[in-house]
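Asks: I would like the atomic coordinates for the input below:
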Amino acid sequence: METEMEIWQIVGIGLTATALSLVLKAERPAFAFFVVLIAGVMLFFLILNDVVKIIALLADLARRAKVNTLFVATILKIVAVAYIADFAAQISRDAGEGSIAGKIELGGKLMILLMAVPIIEALIEAVLRLIP
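Replies: Model (predicted):
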């Protein structure tokens, strides 16, 4: 039941912000952007509790499966970077700055690759141990 209420809050905030942004865009584009930005931040904080629950669940599953916590933590960080970069890029696109959005996405992808190196290294080492 709690999830149903959250989705209605998310939809309500999103649609209200969309309507308000459309009305303001013609007369006050800067205000329209701030409406979108504030709505995005509100939605982010609204779902933050669910994100924390998911992270705790995944960490618990990894612990019970005896998976190296370094790998799980790294994967969760990679997912976080992807979401944060996407969120920032969407805001930049909403502001009409597609070029900056592209740079944010590129930066996010490079950060993900950098964070994935230890996992790739461990995977290659494991494969090399299997080869006689």
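Asks: helices or strands up against the lengthiest helix in the chain?
Replies: Taking DSSP state H as the criterion, the chain has its longest helix at helix 29-64. Where contact means 3 or more Cβ pairs under 8 Å, 6 or more residues apart in numbering; DSSP states H and E, helix 29-64 is packed against helix 2-27, helix 69-94. Where C-beta positions appear, they are placed from N, C-alpha and C, glycine not excepted.
Asks: For the helix or strand following the last one, buried residues please.
Replies: What that stands for is helix 69-94. Elements were assigned by DSSP states H and E; along the chain past helix 69-94, the next helix or strand is helix 98-130. Residues of helix 98-130 classed as buried by neighbour count (16 or more other Cβ atoms under 10 Å): 101, 104-105, 108, 111, 115.
Asks: any idea of the mean pLDDT in helix 98-130?
Replies: Mean pLDDT, helix 98-130: 93.
Asks: quick check: angle from it to helix 69-94?
Replies: Between helix 98-130 and helix 69-94, the angle comes out at 160 degrees (axes from the mean of the first three to the mean of the last three Cα atoms, to 10 degrees).
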